[in-house]
Each structure stands twice: as C-alpha cells, then as structure tokens.
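Q: prediction below, plus the sequence it came from.
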Amino acid sequence: MKKPTGSVSIRDLNRDLKEKTIRQVYLLLGNEVYLRTQCRDNIIKTLIPEGDTMNLAFYEGGDIDENAVMRAADTLPFFNDYRLIVISDSSFFSSSHDAMARYIEQIPQSTCMVFSEEKADSRLKLYKAIIKYGAVIDLSTPPDATLLIWLDRMLRQAGRSADRPTLEYFLQVVIHDMTAMKNEMEKLISYTQGRSLVTRQDIDRICSSVPENKIFDMIDAVSGGDKKKAFRLYDDLLVLQEPPMRILFNLNARFRQMNEVKRLRVKGYPVRTIASMTDMREFIVKKSAALGERFSVQDLRSLMEFGAEMEEAVKTGKLSDKLAVELMLIRCSQI
C-alpha cells in the first residue's frame, strides 16, 4: 500500500493504478458522474480479475448498513490480493458516521474501499479520515479548456476533426454533463460518416440543444429590436414543453448574470477570473458580457426588479405564467 497523501488528481490516481501502489480508501467526489464511473471502473479493473464476484461488493443508496459494510471489508480476499468494497451515493458524507470514520483508521491491508459521492461535508470525521488515510479525488466538471481537448481527442480517434469555434459552439449547445457530451459527440460522429470535418451545421441538425440556450437568443433578439424572432424562440420553447415559469425564471437568471458580469468587468477582471469567481462557465461569462453591453447598469437593475415582480404576480395568481413571460420580453424591448 502506498502512503496516503490526501487530495489527489485523476492523473495521480491513474499513475498509482498503473504502478499498483493502491491506497486503502478512495473518495471519488464531484458532480461529474462520467468521471466518477470511469475512475471506479479503473480501480475495479486494476484490483479485481474479470468475472471475480467473490472479492467485489457494491452498496448504493442512503440506507446502507454500515456494520454490514465493515463486516464485508473485514473478510479476507478469496484467491486474490484485494477485496474491493464500492459504496455509491450514500448518506455517509451528509451526516455523522463516526464508526465508519474509526474503521477507516484500521481497515485491513487486503481491503480497498471506494466511495463515490456527488457531495461531501468536509467537516465530518469520515471525510477527514479519508483525507488522512486515503485519497479524495475531485471529479467536478472540468473547465471548458479541458473539455475542448477531450472533445477534440474523441473526434480525432474517430477520424473526424472540428475547428475550435465549432467545438466551443458544441459546448454551448449541449447539456453541460460529460455523459451527455459523449453521447452527443457519438451522434455527430455517426452522422458525419464518410467525411472528416464536423461543422456547426451538423451540430444544429443532430444535437439536442439545451433549452436555456434559447434564453440568451431571446434576449439577443429582443434587445436587438427583433421582437418577432424573440417571440418565435419563445414559441419554440413552448413546443418543446418547457414550462413558461421556468422560462421566466431563466430569463431573470440571465439578467442577474449579465448584471454580475458587468459589475466585475467594470472592475477590470478578465473572463476566466470572473468564471472562477461566479462559478459560471466561460462561454456564459462571454455571452453575458456581450449582451450586457446593450444595457446600462440601471437598465439591468430595472429588468431584475420587473422580473421579480412578474414571478411574484404568477405565484399569487395575478398573472398567468405565459403572459408574464410575454410582458417580460416586451419590457426588455422597450429599454
């Protein structure tokens, strides 16, 4: 077993697995299910021979019996160097589980435990025990620059290529989730069979677009004086069965983002820094900055106030949600 060092990267994990310097406990932590699944499967592949079900145990959900987990972990491996315990989406990191935390300190040398969780309270004893005796791997969605490299590699492996603006457009269009991105990219690769270049038109024809993208397009249209286009985009969202109240909420959220980005841009912060400070994706910051140029600070504050009034009017039954969105678009066109 390798001496634990706390938080490590995916690259560190892959190196450890290649060198067979395995830590006794891992916490795969983050919102990116694709990365958590990939890391989990790599650990399984390294420690457990294919078809070996005797030395591999899975536990999932919020009602896992921690005593059962510890009993399984105490069992010696059967004709293998390791017994592997995989625990997914548990409640161990949202409330105190001190017994499990104490167990981590004395886990058998022949056992490896892997926790796969979207979130974890770093104040808990179990989290601190894993930091001390094992490794925590941050598996949140990577920044756009990293995703662009990943997407480009995926295309090249399939004999395809796309320029950077096209890949950036792909990131804007599809759901911000690596599993969804992979699925959409596989659709693109199949669609472009027989040619090498993937274009923006291919993305428009075959990829499933995130409804929120049309919100920016609506603001772009209405602020540019094209109310017909804005209302056509609104009708498109309704055809897609997007609830009007959600559309209103997203419109208001976009105006808040534009106001925040404008405020930080005035202070001189670059796009990447603003993205980090606000937890926005870089393309959202760029779009917010560009659209924000069409509005003064006072205009944005007025739109945010009006949007809040529209939400309240819908919640209290004074307006229908559909009419509230229409009034919001009209108000935006008047500024």
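A: Thanks, I have the structure now. Numbering: from 1, shown residues only.
Q: how far away is residue 43 from residue 56?
A: 10 Å (C-beta to C-beta, to the nearest Å). For the C-beta atoms, the positions are set from N, CA and C on the backbone; glycine is no exception.
Q: who has more neighbours, these two?
A: Legend: neighbour count by other C-beta atoms under 10 Å for residue 43 and residue 56, higher for residue 43 (22 against 17).
Q: just checking, that one touches residue 17?
A: Yes. The pair residue 43 and residue 17 passes the contact test of C-beta atoms under 8 Å, sitting 6.7 Å apart.
Q: where does the protein have low pLDDT?
A: Residue ranges of the chain with pLDDT under 70: 1-5.
Q: at 50 what do you get?
A: Along the chain, the parts satisfying pLDDT under 50 run over 1-4.
Q: domain parsing for it?
A: Domain assignment of the chain by automatic domain parsing yields the ranges 6-138, 144-206, 211-333.
Q: any idea how far residue 108 lies from residue 301?
A: 61 Å.
Q: got it, and residue 61?
A: Relative to residue 301, residue 61 is positioned 45 Å away (C-beta to C-beta).
Q: same deal with residue 116?
A: In terms of C-beta to C-beta, residue 116 sits 43 Å off from residue 301.
Q: quick one: which of the two has more around it?
A: Set residue 116 next to residue 301 and count neighbours by other C-beta under 10 Å: residue 116 wins out with 22 against 13.
Q: what strands line up against the helix or strand harbouring residue 116, and which way round?
A: Residue 116 is located in strand 111-117, with elements delineated by DSSP states H and E. Strand 111-117 sits in its sheet next to strand 25-29 (parallel), strand 83-88 (parallel), going by DSSP bridges.
Q: now the helix or strand following that strand: buried residues?
A: Scanning forward in sequence from strand 111-117 by DSSP H and E, the next helix or strand is helix 125-133. The neighbour-count check on helix 125-133 (16 or more other C-beta atoms under 10 Å) flags 126-127, 129-131, 133 as buried.
Q: go on, stretch 276-291?
A: Buried residues in stretch 276-291, counted by 16+ other C-beta under 10 Å: 278, 280-289, 291.
Q: relative to the whole chain's centre, how far out is the strand holding residue 116?
A: From the chain centre to the centre of strand 111-117 is a distance of 21 Å (C-alpha atoms, centre = their mean, to the nearest Å).
Q: same thing with stretch 256-273?
A: 22 Å.
Q: same deal with stretch 202-214?
A: On C-alpha atoms, centre = their mean, the centre of stretch 202-214 falls 18 Å from that of its chain.
Q: how long is that stretch end to end?
A: 18 Å (C-alpha to C-alpha, to the nearest Å).
Q: for the most far-flung residue of the chain relative to its centre, what are its contacts?
A: For the chain, the residue at maximal distance from the C-alpha centroid (C-alpha atoms, centre = their mean) is residue 79, at 39.4 Å. Applying C-beta atoms under 8 Å, 6 or more residues apart in numbering to residue 79 gives the contacts residue 54.
Q: assign a three-state SS to it, would you?
A: Following DSSP: H, G, I helix; E, B strand; the rest coil, the label given to residue 79 is coil.
Q: so which of the buried residues of stretch 276-291 is the closest to residue 52?
A: Proximity of the buried residues of stretch 276-291 to residue 52, judged by C-beta to C-beta, is greatest for residue 281, which lies at 41.2 Å.
Q: list the residues that contact the closest one.
A: Residue 281 touches 144, 171, 176, 275, counting by C-beta under 8 Å, 6+ apart.
Q: these in helices, which ones?
A: Counting by DSSP state H, the part of the contacts of residue 281 found in helices is 144, 171, 275.
Q: any chance of those residues in CSV, plus distance to residue 6?
A: Output for the ones in helices among the contacts of residue 281, formatted as CSV (distance: C-beta to C-beta, whole Å):
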residue, distance to residue 6
144, 27
171, 31
275, 26
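Q: now these: which count as buried?
A: Here, 16+ other C-beta under 10 Å leaves 144, 171, 275 buried among the ones in helices among the contacts of residue 281.
Q: with respect to residue 261, which of the residues you listed is nearest?
A: Taking C-beta to C-beta as the measure, residue 261 lies nearest residue 275 of these, at 9.4 Å.
Q: correct me, but residue 259 touches residue 304?
A: Yes. Between residue 259 and residue 304 there is a contact at 6.5 Å, judged by C-beta under 8 Å.
Q: ok, now how distant is residue 70 from residue 251?
A: Counting by C-beta to C-beta, the gap from residue 70 to residue 251 is 51 Å.
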